[in-house]
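J.: after the sequence you'll find the predicted model.
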Amino acid sequence: MSEITRLVASFFITGVVILLVLLQPDFGSALVLMAILITMLFLSGIEWKYLAVIFCLGLFSLIVIWFLLADYQKNRIINFINPENDPKGSGYNVIQSMVAVGSGGLTGKGLGHGSQSQLNFLPENHTDFIFAVIVEEFGVLGSGVVIILLVIIFYRLKKIAQIAMDNLGYLIVAGSMAMFFVQVVVNIGMNIGVMPVTGIPLIFLSYGGSSLVVSFMTIGIVNNIFLVSRRNLETRIKTGDDF
């Protein structure tokens, strides 16, 4: 199978899934799927000319996606630049989140003592804006610990990808990293007002059964790749096989 055929097949299969997700509408999940596709294509070693074509198609797709978005999603993106345009509507969540983050200080107000979260000024404080709750109640130090733990997860995923014994295992781990990375960056970004609100949960922290189950399943698959790769590596070392 030629490289072009594989690319077309990849875009067709993934594009159908992304389109169905957008029609729900769920722009946040579609963004995660697109990030996984782009990351895996980039790391698969395809030629740069194909990447240039993909980039141009991506820009065109953004225009198409804009017309597929619901009105409330468009308002989120428009008011992302200036939430004060609609402080009681689409900009309310971002404003309250930034107030919660700003009031946390260095050590926070203490567990269960966050005024924005406990008095329900901050909507969706258990899912989309869980990071703002952490900053408000545990401060910069507490949120720093959370970020460090997330960095450790990404570091371990990177090490597992490096020792993967085949290209499939490598790409699975890389795609998992992309999925987690987009969720972390977008969720924390929208909590501090630097990214539009998309409803993407923060891995292992946001309340929600499906997100947590998928995250643990992903870690399980990656851990299996690690165990198989390490076992094969140890076998090769014992037998003296070439790498």
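T.: It's in.
J.: would you map the helices across the protein?
T.: Taking DSSP state H, the helices of the chain run over residues 3-22, 27-43, 48-68, 71-81, 92-103, 115-118, 130-163, 167-191, 209-239.
J.: how about the ones you listed, which one is nearest Thr198?
T.: The closest of the helices of the chain to Thr198 is helix 27-43. By C-beta to C-beta, the value is 3.7 Å. (Glycine included, C-beta is placed from N, CA and C.)
J.: so what's the residue count around Glu47?
T.: For Glu47, the count of nearby residues is 9 (other C-beta atoms under 10 Å).
J.: and the gap between it and Leu41?
T.: Look at Glu47 and Leu41: by C-beta to C-beta, to the nearest Å, they are 11 Å apart.
J.: what do you get for Asn120?
T.: Distance, Asn120 to Leu41, by C-beta to C-beta: 43 Å.
J.: what do you get for Leu202?
T.: For Leu202, the distance to Leu41 (C-beta to C-beta) stands at 26 Å.
J.: swap in Gly58?
T.: Note on Gly58: its distance to Leu41, by C-beta to C-beta, is 11 Å.
J.: OK, contacts around Ile200?
T.: Gly28, Ser29, Leu31, Val32, Asp128, Val182, Gln183, Val186, Asn187, Met190 (C-beta atoms under 8 Å, 6 or more residues apart in numbering).
J.: spatially nearest residue to it (excluding sequence neighbours)?
T.: Spatial nearest neighbour of Ile200, chain neighbours left out: Gly28 (4.1 Å); criterion: C-beta to C-beta, 6 or more residues apart in numbering.
J.: surely the one you found touches Gly189?
T.: No - counting by C-beta atoms under 8 Å, Gly189 is not a contact partner of Gly28; they are 12.0 Å apart.
J.: those two: who's more crowded?
T.: Neighbours per residue (other C-beta under 10 Å) separate Gly28 from Gly189, with Gly28 holding more: 21 against 17.
J.: domain parsing for the chain?
T.: As given by automatic domain parsing, the domain ranges for the chain are 1-69, 87-239.
J.: pick the most buried one from those.
T.: Counting by mean count of other C-beta atoms under 10 Å, domain 87-239 has the highest mean neighbour count of the domains of the chain, with a mean of 17.
J.: which residue is the nearest non-sequential neighbour of Ser176?
T.: Counting by C-beta to C-beta, 6+ apart, the residue nearest Ser176 is Thr218, at 5.0 Å.
J.: that neighbour contacts Gly175, correct?
T.: No - between Thr218 and Gly175 there is no contact under C-beta under 8 Å: 9.1 Å.
J.: and for Thr127, nearest residue in space, chain neighbours not counted?
T.: Distances taken as C-beta to C-beta, 6+ apart place Ser206 nearest to Thr127, at 4.8 Å, with adjacent residues excluded.
J.: over to the one you found: give its phi and psi.
T.: Here is the backbone geometry of Ser206 (degrees, to the nearest 10): phi -70, psi 140.
J.: also Met165?
T.: The phi/psi pair for Met165 (degrees, to the nearest 10) reads phi -80, psi -10.
J.: kindly report the same for Thr107.
T.: phi -110, psi -10.
J.: follow-up on the earlier one: if I look at the residue nearest to Ile200, how far off is Ile192?
T.: Relative to Ile192, and taking C-beta to C-beta, Gly28 is found at 17 Å.
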